[in-house]
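Engineer: my questions are about this predicted structure, shown below with the sequence.
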Amino acid sequence: MRLSAKVVGRAEGQGVCKAGAGTSGDLRQGRFLWIGPLYGYLGCFLILWKKHAISPIWFQTGPDWKENTPLPPETRKQLKSILSLACIDPSRFPLEDNKELFIPLLLKPGVEEDQLVSGLTEQIIQLRKVLFDALPKSVSTAAVDKT
């Protein structure tokens with residue numbers, strides 16, 4: 001699905017993230033990205049869409065991913081509750097599965113692709129905001145230089 005690649009590309013163009021490698025498999029397709037010091041994956045997860053019937057597009061990350069070890073230990077420990085502030089239903093999301101976190105991004109039905117990309121990009125911006133609000137000032141300032 002090229003939608004996730006377009007979202008990451010637009011967010012990168014706005015200075016929100018840095019794009020990483022694109023990947024695909026039988027049940028997911030997307031791109032890795034850095035949101036400041038947080039490493040994650042934005043993609044189409046068909047299995048999550050089928051199971052939860054919320055959205056095909058999800059953001060995935062893990063506090064124990066080796067790329068996320070530079071995050072302050074307290075931030076990694078609280079990552080689920082931090083990211084819940086950007087979720088549609090903080091009581092249900094992010095989902096936690098095998099120490100990985102999954103956040104559904106909402107798609108507005110019946111709109112053109114450019115509007116979909118804009119709406120999804122805004123949700124990535126919100127993820128970045130709640131993350132940066134939770135980071136110690138010294139880390140969030142250094143993270144701005146990364147994105």
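Structural biologist: That came in fine, so what should we check first?

Engineer: can you map out the strands along the chain?
Structural biologist: Across the chain, reading from the start of the chain, the strands by DSSP state E fall at 18-24, 28-35, 38-45, 57-61, 95-97, 100-104.

Engineer: residues making contact with the shortest one?
Structural biologist: Surrounding strand 95-97, the residues in contact under the criterion C-beta atoms under 8 Å, 6 or more residues apart in numbering are 48, 52, 80, 101-103. Where C-beta positions appear, they are placed from N, C-alpha and C, glycine not excepted.

Engineer: are any of the residues you listed buried, and which?
Structural biologist: 48, 101-103 (16 or more other C-beta atoms under 10 Å).

Engineer: how about TSV for those residues, with distance to Gln123 and pLDDT added?
Structural biologist: Formatted as TSV, the buried ones among the contacts of strand 95-97 follow (distance: C-beta to C-beta, whole Å; pLDDT from 0 to 100):
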residue	distance to Gln123	pLDDT
Leu48	16	94
Leu101	15	98
Phe102	14	97
Ile103	8	97
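
Engineer: how about the strands of the chain, which one is nearest Arg10?
Structural biologist: Between Arg10 and these, the tightest spacing by C-beta to C-beta is seen for strand 18-24, at 10.2 Å.

Engineer: quick check: pLDDT value at the residue positioned nearest the centre of the chain.
Structural biologist: Computing the C-alpha centroid of the chain and ranking residues by C-alpha atoms, centre = their mean puts Phe59 first, at 3.7 Å. Looking at Phe59, its pLDDT is 97.

Engineer: what sits against it?
Structural biologist: If you count contacts by C-beta under 8 Å, 6+ apart, Phe59 has them with 40-42, 102-103, 105, 124, 127.

Engineer: contact partners of stretch 127-140?
Structural biologist: The set of residues external to stretch 127-140 that reach it, using C-beta under 8 Å, 6+ apart, is 16-17, 35-38, 59, 71-72, 75, 78, 82-83, 85-86, 103, 143-144, 147.

Engineer: just the buried ones from those?
Structural biologist: For the contacts of stretch 127-140, a neighbour count by 16+ other C-beta under 10 Å gives the buried set as 16-17, 35-38, 59, 71, 75, 82-83, 86, 103, 143, 147.

Engineer: from those residues, pick the one nearest Leu120.
Structural biologist: Proximity to Leu120 was ranked across the buried ones among the contacts of stretch 127-140 by C-beta to C-beta; first place goes to Phe59, at 9.6 Å.
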